[in-house]
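Chemist: could you work out the structure for the sequence below:
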Amino acid sequence: MKLSDTDIDRRLTGLAGWSRRGDGLTKLFTFKGFPDAVAFITRLAFDAEAADHHPDLQVSYRKVTVTWSTHDEGGITEKDFSGAQQSDRIASGFLA
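Modeler: Sure, this is the predicted structure:
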């Protein structure tokens with residue numbers, strides 16, 4: 001179920017570096033190098049597949065922008081906050 005603007009704003013206060021961009025939650029991660037960026041994406045891809053919820057990813061050398069949105073709900077849901085938290089956990093092992 002799509003979350004209200006109030007719920008989204010409240011929940012964002014607990015996610016360092018994440019912001020709302022339109023109907024998604026977005027964060028830019030910067031890694032030590034390209035291999036770490038790719039390793040992060042690979043690990044995230046397997047977890048996203050297992051959850052059947054997939055982020056939009058943009059890669060530029062050692063920087064990866066992750067955006068979570070529940071397109072079939074038309075906005076941000078609990079699944080997106082779970083994905084953001086999972087992204088942070090995975091990234092912590094690769095960050096510069």
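Chemist: low-confidence bits of the protein, can you list those?
Modeler: Counting by pLDDT under 70, the low-confidence segments of the chain come to 96.
Chemist: then R11 would be within a strand, right?
Modeler: No - looking at R11 with DSSP: H, G, I helix; E, B strand; the rest coil, it is helix, so not inside a strand.
Chemist: based on its surroundings, how many neighbours for it?
Modeler: 18 (other Cβ atoms under 10 Å). Where you see a C-beta, it was placed from the backbone N, CA and C, and this is true even at glycine.
Chemist: pretty sure it contacts L3?
Modeler: Yes - taking contacts as Cβ atoms under 8 Å, R11 lies within contact range of L3: 7.5 Å.
Chemist: show me where the chain has its helices.
Modeler: Taking DSSP state H to define them, one finds helices in the chain at 5-12, 34-51, 78-91.
Chemist: so which of the ones you listed gets nearest V64?
Modeler: For these, the distance to V64 is smallest for helix 34-51, at 5.1 Å, taking Cβ to Cβ.
Chemist: now the closest one: buried residues?
Modeler: Under the neighbour-count criterion of 16 or more other Cβ atoms under 10 Å, helix 34-51 has D36, A37, F40, I41, R43, L44, A48 buried.
Chemist: next, format these as CSV and append distance to S92.
Modeler: Formatted as CSV, the buried residues of helix 34-51 follow (distance: Cβ to Cβ, whole Å):
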residue, distance to S92
D36, 12
A37, 14
F40, 10
I41, 15
R43, 11
L44, 12
A48, 17
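Chemist: in TSV, list the helices of the chain along with distance to S60.
Modeler: Formatted as TSV, those follow (distance: least, Cβ to Cβ, whole Å):
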stretch	distance to S60
helix 5-12	24
helix 34-51	9
helix 78-91	16
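Chemist: which one of those lies closest to K27?
Modeler: Short answer: helix 78-91, nearest of the helices of the chain by Cβ to Cβ, at 6.9 Å.
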